[in-house]
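A.B. asks: Provided below for reference: sequence and predicted model.
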Amino acid sequence: MNICISVIVPIYKGNCYIDGIMTMLEGNVQEIRKFKREFNIELLLVNDFPDLPIEKEQFSQSGDFEVRVVCNRKNLGIHSSRVHGLQEAKGDYILFLDQDDKISNEWMRTQLDNIGTADICVGNGYRVFSDSSKVIYRNIKKQRLATKEQVFLKAACQIVSPGHCLIKRDAIPQEWLDNIVEYNGSDDIFLWILMFEQQKQFCINTERIYQHIDTGKNVSKNSGGMVKSAYNVIQLMRSSGSVLDTHIKTYEKRVKFSEDLQKFKGLRKVLVYLKNIDTCLWKMYAYYR
């Protein structure tokens, strides 16, 4: 029996992206056929702005994979949308894409070639800015940091977005489905930390198969919103009892460090650095690896 990859894409006022998503998946289907791999793709478009309906007649149809539209009852945010899509998905593997993400034609094939017995495979790619682009992992040592929980807790999230990760469906923790991050931005690090806590196996794919768009009104560029979302995750970690208390405190310390850097200037900012030397050293380690 062929395995299936479910591609889940929350759509928020983003109907203009749908044809591009379809084209990327068609390219992956052609790559699958070229290499005679046996797996299927399904696309779930989760409409998180019900005032703007998504009708199949609005975009080009493909006979190469199934397309389903899942409609939220109201605007619920990215975490709820991903969970809603997951609840409707049939796949053995999951790809959570943002509506403006880009994947190469080799995405599916190389991710499946590399995941093996692991629970998640982290691919490489690019962050695209308004006037430039930057490789996500400049070397294999840097990419391997994405398999180490301590770096996520003490330095920074080492996965730019779920869009460069192939995840085994049954490895996604139930706690992530039951505890929704209210403020957009940190549901992904919540997922990674939960997976680490449950001893899920992370592996890497060094192929550059993904582009994360860091332009426009991107949540990942909203520092204040990210801090608010991170504190929301800390609250959920504590209330769910799903993460070791020592790990929560470690993560909370680095979130507080980021918050204080935004609040203070001049000498007070210098004092923040001095007070958090250990966090600074971890951040330098992660950055210069």
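C.D. replies: Cool, got the structure. Since we're looking at a predicted model, the values are computed, not measured. Numbers count the residues shown, from 1 in each chain.
A.B. asks: Isn't residue 172 up against residue 190?
C.D. replies: No - shown here, residue 172 and residue 190 do not form a contact pair, counting by Cβ atoms under 8 Å, at 11.4 Å. To be clear about C-beta, it is placed using only N, CA and C from the backbone, and glycine gets the same treatment.
A.B. asks: got the CA coordinates for stretch 203-219 in PDB?
C.D. replies: C-alpha atoms of stretch 203-219 as PDB (Å, rounded to 0.1, in the frame of the first residue of the first chain):
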ATOM      1  CA  CYS A 203      17.200  13.700  11.500                       C
ATOM      2  CA  ILE A 204      18.400  16.100   8.700                       C
ATOM      3  CA  ASN A 205      18.300  16.300   5.000                       C
ATOM      4  CA  THR A 206      21.100  18.600   3.700                       C
ATOM      5  CA  GLU A 207      19.300  19.300   0.300                       C
ATOM      6  CA  ARG A 208      18.200  22.900  -0.100                       C
ATOM      7  CA  ILE A 209      14.600  22.300  -0.900                       C
ATOM      8  CA  TYR A 210      12.700  25.100   0.800                       C
ATOM      9  CA  GLN A 211      12.200  28.900   0.800                       C
ATOM     10  CA  HIS A 212      10.800  30.800   3.800                       C
ATOM     11  CA  ILE A 213       9.500  34.300   2.800                       C
ATOM     12  CA  ASP A 214      10.600  36.900   5.300                       C
ATOM     13  CA  THR A 215       9.000  39.900   3.700                       C
ATOM     14  CA  GLY A 216       5.900  41.900   4.300                       C
ATOM     15  CA  LYS A 217       3.800  41.500   7.400                       C
ATOM     16  CA  ASN A 218       5.400  38.300   8.500                       C
ATOM     17  CA  VAL A 219       4.700  37.100  12.100                       C
END
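A.B. asks: pLDDT of that stretch, averaged?
C.D. replies: For stretch 203-219, the mean pLDDT works out to 84.
A.B. asks: Now it: buried residues?
C.D. replies: Applying a neighbour-count criterion of 16 or more other Cβ atoms under 10 Å, one finds 203, 204, 205, 207, 208, 209, 210, 211, 212, 213, 214 buried in stretch 203-219.
A.B. asks: Reformat those as TSV; add secondary structure and distance to residue 35.
C.D. replies: TSV is the format used below for these (DSSP: H, G, I helix; E, B strand; the rest coil; distance: Cβ to Cβ, whole Å):
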residue	secondary structure	distance to residue 35
203	strand	20
204	strand	21
205	strand	15
207	strand	14
208	strand	18
209	strand	14
210	strand	19
211	strand	22
212	strand	26
213	strand	28
214	coil	31
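A.B. asks: Specify which member of those residues is nearest to residue 54.
C.D. replies: residue 213 (20.4 Å; Cβ to Cβ).
A.B. asks: Quick one, grab the pLDDT at residue 222.
C.D. replies: Value for residue 222, per-residue pLDDT: 64.
A.B. asks: In contact with the nearest residue to residue 41 once chain neighbours are set aside, which residues?
C.D. replies: Leaving aside its sequence neighbours, residue 41 sits nearest to residue 65 (Cβ to Cβ, 6 or more residues apart in numbering; 4.2 Å). Neighbouring residues of residue 65 by Cβ atoms under 8 Å, 6 or more residues apart in numbering: 25, 26, 29, 40, 41, 42, 43.
A.B. asks: In helices, which of the residues you listed appear?
C.D. replies: Judged by DSSP state H, the subset of the contacts of residue 65 located in helices is 25, 26, 29.
A.B. asks: Distance check, the last one against residue 211.
C.D. replies: Between residue 29 and residue 211 the distance is 19 Å, computed by Cβ to Cβ, to the nearest Å.
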